[in-house]
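# Fold the following for me, if possible:
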Amino acid sequence: MTNIETTIVVETGLGKYQVEARVGDAAFLIDEPVAAGGLGTGPNPYNLLSAALGACTTMTIRLYAGRKGWPLARVRVAVKHSRTDLNARDVFEMDIALEGDLNEAQRARLMEIAERCPVHLTLARGSEVRNVLLPPPPPVPKLEPIDGPAHMECMREACGD
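Next comes the predicted model:
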């Protein structure tokens with residue numbers, strides 16, 4: 001089964017790096033910090049990747065605990081991302097806090113489940129990324145305004161007895 005999801009990302013024209021991402025009915029800004037030449041109006045792409053990993057981990061743990069009827073009160077995840085250089089493997093380290101009256105076996109199982117979240121698996125196994133260059137859009141015809149007496153003529157006709 002193939003699942004395809006599409007996110008549209010377009011420059012806003014504000015600042016050097018600010019873009020808007022659209023997913024379904026939701027939209028959010030992505031940017032670089034001011035210190036890096038951006039406007040600082042949103043998370044940077046690595047922040048989003050870390051957020052995706054943390055969110056997926058949290059949701060997967062929640063789903064599993066709910067199915068088991070376990071007393072998981074709250075999940076908190078802190079994701080740290082690092083890399084020594086552009087060619088090195090990225091490292092994502094997650095600190096996971098499981099709140100609730102869970103026994104040690106339940107806590108251990110939830111930590112196993114955390115490693116099975118779909119985003120974790122995507123990052124761990126690597127992904128194929130393909131770029132497709134679309135043809136340039138056709139030029140928009142230049143429209144020239146044409147001014148004339150048409151409206152005035154219609155008003156005169158409307159006011160005629």
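
# Going by C-alpha atoms from here, please, whenever you check contacts or count neighbours.
Noted.

# Which parts of this protein are helices?
45-68, 104-114, 118-125, 150-159 (DSSP state H).

# Show me what the second one is in contact with.
Applying C-alpha atoms under 8 Å, 6 or more residues apart in numbering, the contact partners of helix 104-114 are Thr57, Thr58, Thr60, Ile61, Tyr64, Ala65, Trp70, Leu98, His120.

# tally of neighbours for the first one?
The burial count assigned to Thr57 is 27, neighbours taken as other C-alpha atoms under 10 Å.

# distance of it from Ser127?
Using C-alpha to C-alpha, to the nearest Å, one gets 18 Å for the distance from Thr57 to Ser127.

# Could you dump the helices of the chain into JSON lines and include distance to Arg22 and mean pLDDT?
Shown next, in JSON lines, are the helices of the chain (distance: least, C-alpha to C-alpha, whole Å; pLDDT from 0 to 100):
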{"stretch": "helix 45-68", "distance to Arg22": "14", "mean pLDDT": "98"}
{"stretch": "helix 104-114", "distance to Arg22": "27", "mean pLDDT": "98"}
{"stretch": "helix 118-125", "distance to Arg22": "19", "mean pLDDT": "96"}
{"stretch": "helix 150-159", "distance to Arg22": "42", "mean pLDDT": "83"}
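
# Can you say which of those helices is packed in most?
Most buried of these by mean neighbour count (mean count of other C-alpha atoms under 10 Å) is helix 45-68; its value is a mean of 17.

# report the angle between the axes of that helix and helix 118-125?
120 degrees (axes from the mean of the first three to the mean of the last three C-alpha atoms, to 10 degrees).
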